[in-house]
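Undergrad: 3D model of this:
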Amino acid sequence: MLDAIPQYVIPAKATFVADVAQFTPKTVETEEERQKLMFRIKAHISPELLRKYIKQVKTGLPGMAYVQLDPKAKWPASLKGMLVQ
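TA: Now for the predicted structure:
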């Protein structure tokens, strides 16, 4: 989800995940604090989809990425309705 167009969810593949969290509290002692950790990622959008939405999507735009670790896991319903195809 890009900050510039938050009403859409753009499918992408993570091509890089930082090994060190950013915006991290100095000590992380509770599960609640661990949930606030942010990791920089690079997301690759398919060339076909990128061509279709080239005016809205630019390199380096900030946003929020949701990573699906288990291919069998279902996406949250709140994200499905906004998926760009």
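Undergrad: Where does the prediction get shaky in this protein?
TA: Along the chain, the model assigns pLDDT under 70 to residues 23-29, 31, 34-35, 81.
Undergrad: Strands along that one, start to end?
TA: Applying DSSP state E to the chain gives strands spanning 13-17, 41-44.
Undergrad: Which of these sits closest to residue 30?
TA: Residue 30 lies closest to strand 13-17 among these, at 23.1 Å (Cβ to Cβ). C-beta here means a position set from N, CA and C on the backbone, and glycine is covered the same way.
Undergrad: distance between that closest one and the chain's centre?
TA: 9 Å (Cα atoms, centre = their mean, to the nearest Å).
Undergrad: Okay, now the sheet partners of it, with direction.
TA: strand 41-44 (antiparallel) (DSSP bridges).
Undergrad: Please identify the buried residues of the partner strand?
TA: Within strand 41-44, no residue is scored as buried using 16 or more other Cβ atoms under 10 Å.
Undergrad: go on, stretch 74-85?
TA: Buried, per 16+ other Cβ under 10 Å, within stretch 74-85: nothing.
Undergrad: what's the span of it, first residue to last?
TA: For stretch 74-85, the first and last residues are 17 Å from each other (Cα to Cα, to the nearest Å).
Undergrad: Export the strands of the chain as JSON lines, with columns for distance to residue 59.
TA: Below are the strands of the chain laid out as JSON lines (distance: least, Cβ to Cβ, whole Å):
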{"stretch": "strand 13-17", "distance to residue 59": "13"}
{"stretch": "strand 41-44", "distance to residue 59": "10"}
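Undergrad: who wins for proximity to residue 79 among those strands?
TA: Closest among the strands of the chain, once you apply Cβ to Cβ, is strand 41-44, at 14.4 Å.
Undergrad: Now that closest one - C-alpha only, PDB.
TA: Extracted in PDB, the C-alpha atoms of strand 41-44 (Å, rounded to 0.1, in the frame of the first residue of the first chain):
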ATOM      1  CA  ILE A  41      11.900  -3.800   2.400                       C
ATOM      2  CA  LYS A  42      12.000  -3.500  -1.400                       C
ATOM      3  CA  ALA A  43       8.900  -4.600  -3.200                       C
ATOM      4  CA  HIS A  44       9.000  -5.600  -6.900                       C
END
